[in-house]
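*Asks:* fold the following for me, if possible:
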Amino acid sequence: MTSNPNQFLTVPAKKAFDVNVSTPIKNFIKATFGDKEDYSASVDGLNSLRAEALLRSNYKDDCSKLLRYYDQICAIEHKLPITENQIRIYFKWQDGFVSGGSLFGSKQKSNGSWKLAYEKACVLFNIGHAYSELALAQNLSIDEQMKTALKYFQLASGVFSFLKDYVNANSLSDLSVDFEPAVLASMSWLMLGQAAELIFIKSASLKDDIAARVAAHAGDCYKEAYTSSKTESAKKIIPENYINIMSVKHLLFQSKAEYHAGNQAQIDRKYGLKVARYDHAKEFADQAVSKCTTAAFTPALRANQDEIMKAVTAARKDNDFVYHERVPDVKTLEMITAQPIAKPLPVTFPITPDFRDLFASLVPIALNNALGAFSSKRVEIMNIEINRLREATNVLNSFLASVNLPAAIEDNGGRQVPPSVLEKSNEIKRQGGISALDKMISDLPESLQRNKEILDETNRMLDDEERGDTELRNQFKERWTRTVSSTLTVPLREEAKKYMDIIQNAINADKVVQEKYRMNRDCIVLLSKQTHEIADELPSATAAGALRDSFVVRELRRLMEDVAAIKAEREVIESELKNTDSDGVRARLIGAFQQGSHNDENSVVVHEIESIYTPLRQQVAESVSKQEHLVENVRRANQQFQNEKQGNASSEMREEMLKNLARAFDAYQELLSNLKEGTKFYNDLTPLLLKFQNKVSDFVFARKTEKEDLMKDIQRGIVGGNQPTTTTTTTTQQSGSNPYAASAAPPYPQSQQPSAPPTGGPPPTTTPDGSALPYPGAYMQPFFPMPPGYNPYNPFFNMAAPAYPMAGAPQYPQQGYGVEKPQSASGKKK
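*Replies:* Residues are numbered from 1 along each chain as shown. Purely as a prediction, here's the structure:
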């Protein structure tokens with residue numbers, strides 16, 4: 001163990017409690033990203049890395065795993081949202097400092113939080129501690145080790161300076177006495193002062209003017225450290241011997257600065273100034289000796305005092321007997337300009353040069369958001385345009401059915417079935433006929449009931465948990481310190497309501513489909529029969545043979561060919577709308593994220609959407625416009641055809657029957673499509689509801705575990721006659737459970753907080769909710785269920801709504817993927 005004659009100080013370490021991070025993270029990854037890739041080894045590696053990095057007694061020999069763990073949590077910060085209502089992991093730490101200003105005779109407080117930002121801040125604090133320990137472990141008599149110690153002190157200063165800003169940005173100062181801004185500022189200046197002291201030791205043998213300025217810099221750093229430590233909020237936290245050392249070293253280096261300035265005056269032949277500088281140095285040296293309360297430091301201070309006293313005696317003797325210069329008043333001496341050679345080194349990411357992210361292949365939430373937004377927007381636009389085409393086609397089919405085309409120009413009279421009707425009948429029979437519709441119609445209620453029961457059971461679990469929490473809160477009043485259930489379950493309740501709205505829309509859609517089925521069933525049954533059966537039920541009529549080759553019939557046939565061409569063209573457009581390639585968009589989004597251009601993600605999505613769909617939108621618009629002209633021409637030609645055709649009652653009945661059959665065919669196609677969509681919708685909804693139910697079950701189990709621990713604490717408090725000791729869970733609760741809030745001063749306004757030495761690096765970035773990120777931009781992922789107004793399985797009813805199930809848009813879990821239960825303060829520490 002190296003000696004410490006200079007009385008260098010280290011920062012005490014925080015103690016981490018063991019926590020299993022594996023289960024909550026595995027559940028979240030599986031629910032969010034599916035089973036495409038197995039991250040079990042990565043998650044277990046993170047769990048092991050945390051234990052190896054944090055659950056150890058000291059870092060004097062090696063802190064590489066601590067640094068690697070810090071890099072790893074920075075890397076996952078924008079990929080895994082670890083908060084109380086998302087990935088629930090309770091991080092619990094014991095303070096390094098003790099409220100009361102002593103490291104002995106008192107017990108450090110334990111605090112905790114669900115926020116990853118808290119874990120990151122605690123790890124940073126221990127990194128600062130590790131740097132100070134490693135610096136102190138160096139042998140300063142060896143030049144290389146002195147340089148190493150200098151670097152470690154500057155790194156420690158940078159860590160505490162960065163941590164002060166990070167704590168403020170994330171509202172963490174109430175979670176630990178260690179995070180009091182004045183404490184962090186004082187530690188940063190202290191480490192920088194010790195770095196400057198090492199530089200002074202190295203430069204003391206050089207020119208006196210340089211040594212004076214370096215000593216002045218060290219004295220200024222110790223002064224800033226002492227000033228921050230004497231604020232109301234810090235002086236009850238930082239140990240008294242630390243504060244005394246800061247104060248004494250400020251005086252010591254003031255004396256050394258004046259002493260070397262006196263030496264420089266000797267070189268400059270300013271003998272009166274030399275005496276004044278030495279006198280001033282003696283004043284500081286005497287104060288340092290008198291104020292020092294550390295016995296081990298007194299010999300070094302007395303040696304400095306004796307050296308300066310000898311210099312003062314010799315300088316006065318020389319001036320009195322030889323030079324006879326006027327000795328200026330100490331108050332008139334120029335201030336020695338400090339030379340700030342020691343500077344805090346900024347905290348960078350990654351800290352370790354060979355860092356390898358365990359979750360390198362995991363898509364960041366921000367990028368997943370953008371991809372989800374693209375998929376959602378793509379599906380929305382695709383459905384809008386496809387619905388425009390299909391709606392136009394439905395209008396066209398309805399119009400043709402109303403005028404009995406093309407059957408009217410194909411009908412030869414008698415009992416012969418027109419070719420177009422035969423074609424429709426054959427198509428319906430090929431698709432399963434009326435029996436296919438009957439089966440799907442009968443299956444709908446059962447599918448609906450299955451999904452309703454899952455959602456009802458999920459809501460029941462939430463209601464029971466909230467009711468139990470409310471009853472216990474009313475029973476124990478202020479002793480019941482955990483977060484209110486209704487606050488935590490807001491996203492779950494919103495998600496449940498969206499699913500309930502979806503199911504209600506499905507019920508409404510069922511009614512529409514069943515009504516259409518009832519109205520068209522008889523004609524669909526007829527079209528499902530054999531040709532001779534259809535012919536037997538068609539009324540007979542006299543054929544209009546004279547019109548068979550007339551101009552108007554030929555014109556109608558040509559127009560029917562145009563109708564067929566438009567329908568074929570629309571099938572091609574619809575296929576292009578469905579099969580657009582999104583690989584290029586994904587590549588560009590990944591590139592934008594890797595370059596840190598998160599603000600461009602939305603613009604990339606919008607640009608790509610426009611480039612893909614603008615030409616197709618134009619084709620849709622042209623097709624709809626072409627149909628309008630075509631319908632007008634058909635109406636005019638059909639009117640002429642009706643004027644020329646001779647009819648009777650039986651022919652009118654036959655024509656009306658043919659119209660009904662044409663309408664029934666169109667209805668059959670719509671019903672078949674709607675029922676297939678409905679069946680798929682209910683089948684897809686079931687696993688989503690089960691996943692949501694599991695998420696709620698995890699949340700309820702976590703709250704039950706938390707409740708049991710809190711109940712044990714309350715019972716111990718009742719038995720012992722004291723209030724139970726509780727740990728902090730969130731920032732909003734801390735003011736009520738902070739063990740030192742009563743004695744600590746209110747937080748400084750931002751503009752009045754003690755400043756830490758600037759590192760030159762950028763301040764930590766935060767999201768609007770205060771959680772810091774290593775990169776700019778928020779990472780919260782939206783929930784993508786179908787909108788409330790959406791008909792779940794008939795997209796024609798709502799043109800603005802995307803089709804279900806959102807074409808790859810991820811179902812973002814908002815809450816409760818497992819939890820490592822928080823240990824009570826009175827519980828056993830691991």
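
*Asks:* which strands or helices does the helix ranked longest in the chain pack on?
*Replies:* When the chain is parsed with DSSP state H, its longest helix is helix 649-720. Contacts defined by 3 or more Cβ pairs under 8 Å, 6 or more residues apart in numbering; DSSP states H and E place helix 649-720 against helix 22-33, helix 365-402, helix 407-410, helix 419-430, helix 433-476, helix 485-488, helix 490-527, strand 819-820. C-beta: built from backbone N, CA, C; applies to glycine.

*Asks:* for that helix, the averaged confidence score.
*Replies:* Averaged across helix 649-720, the pLDDT comes to 82.

*Asks:* can I get the helices and strands packed on helix 649-720 in CSV including mean pLDDT, distance to Gln339 and mean neighbour count?
*Replies:* Formatted as CSV, the helices and strands packed on helix 649-720 follow (pLDDT from 0 to 100; distance: least, Cβ to Cβ, whole Å; neighbours: other Cβ atoms under 10 Å):
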stretch, mean pLDDT, distance to Gln339, mean neighbour count
helix 22-33, 84, 49, 20
helix 365-402, 80, 44, 20
helix 407-410, 70, 101, 23
helix 419-430, 84, 92, 17
helix 433-476, 89, 61, 15
helix 485-488, 86, 54, 16
helix 490-527, 87, 56, 17
strand 819-820, 43, 50, 22
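
*Asks:* got those as JSON lines, with distance to Glu240 columns?
*Replies:* Shown next, in JSON lines, are these (distance: least, Cβ to Cβ, whole Å):
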{"stretch": "helix 22-33", "distance to Glu240": "42"}
{"stretch": "helix 365-402", "distance to Glu240": "46"}
{"stretch": "helix 407-410", "distance to Glu240": "103"}
{"stretch": "helix 419-430", "distance to Glu240": "93"}
{"stretch": "helix 433-476", "distance to Glu240": "39"}
{"stretch": "helix 485-488", "distance to Glu240": "41"}
{"stretch": "helix 490-527", "distance to Glu240": "47"}
{"stretch": "strand 819-820", "distance to Glu240": "37"}
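
*Asks:* Leu55 is nearest to which of these?
*Replies:* Closest to Leu55 of those is strand 819-820 (Cβ to Cβ; 14.4 Å).

*Asks:* determine how far the longest helix of the chain lies from the middle of the whole chain.
*Replies:* 28 Å (Cα atoms, centre = their mean, to the nearest Å).

*Asks:* got the CA positions of the helix or strand containing Val275 in CSV?
*Replies:* Assigned by DSSP states H and E, Val275 falls within helix 271-291. Output of helix 271-291 as CSV, limited to C-alpha atoms (Å, rounded to 0.1, in the frame of the first residue of the first chain):
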residue,chain,number,x,y,z
TYR,A,271,13.8,42.9,-3.3
GLY,A,272,11.0,44.8,-1.5
LEU,A,273,8.4,42.8,-3.5
LYS,A,274,10.2,39.6,-2.5
VAL,A,275,9.8,40.5,1.2
ALA,A,276,6.1,41.3,0.7
ARG,A,277,5.5,38.0,-1.1
TYR,A,278,7.3,36.0,1.6
ASP,A,279,5.3,37.8,4.3
HIS,A,280,2.1,37.0,2.5
ALA,A,281,3.1,33.4,2.1
LYS,A,282,3.9,33.2,5.8
GLU,A,283,0.4,34.4,6.7
PHE,A,284,-1.2,31.7,4.6
ALA,A,285,1.2,29.0,5.9
ASP,A,286,0.5,30.0,9.5
GLN,A,287,-3.3,29.8,8.9
ALA,A,288,-2.9,26.4,7.3
VAL,A,289,-1.1,25.0,10.4
SER,A,290,-3.5,26.5,12.8
LYS,A,291,-6.6,25.3,11.0
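
*Asks:* for the helices and strands packed on helix 649-720, which one sits closest to Val563?
*Replies:* Nearest to Val563, of the helices and strands packed on helix 649-720 and by Cβ to Cβ, is helix 365-402 at 6.8 Å.

*Asks:* by contact count, what packs against the closest one?
*Replies:* If contacts are counted by 3+ Cβ pairs under 8 Å, 6+ apart, helix 365-402 sits against helix 551-578, helix 583-594, helix 601-644, helix 649-720.

*Asks:* would a markdown table of the ones you listed with distance to Asp464 and mean neighbour count be doable?
*Replies:* Output for the helices and strands packed on helix 365-402, formatted as a markdown table (distance: least, Cβ to Cβ, whole Å; neighbours: other Cβ atoms under 10 Å):
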| stretch | distance to Asp464 | mean neighbour count |
| --- | --- | --- |
| helix 551-578 | 45 | 15 |
| helix 583-594 | 42 | 16 |
| helix 601-644 | 41 | 15 |
| helix 649-720 | 8 | 18 |
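
*Asks:* out of the ones you listed, the one nearest Ser376 is which?
*Replies:* Minimum separation from Ser376 across the helices and strands packed on helix 365-402 (Cβ to Cβ) falls at helix 601-644, 9.7 Å.

*Asks:* for Arg50, which of the helices and strands packed on helix 365-402 is the nearest?
*Replies:* Closest among the helices and strands packed on helix 365-402, using Cβ to Cβ: helix 649-720, at 19.6 Å.

*Asks:* can you list the weak-confidence ranges in the stretch 501-650 of the chain?
*Replies:* 540-550, 581-605, 644-650 (pLDDT under 70).

*Asks:* give me the pLDDT for Ala741.
*Replies:* Value listed for Ala741 in the pLDDT field: 35.

*Asks:* again, but for Ser40
*Replies:* 89.

*Asks:* wait, what's in contact with it?
*Replies:* Applying Cβ atoms under 8 Å, 6 or more residues apart in numbering to Ser40 gives the contacts Lys26.
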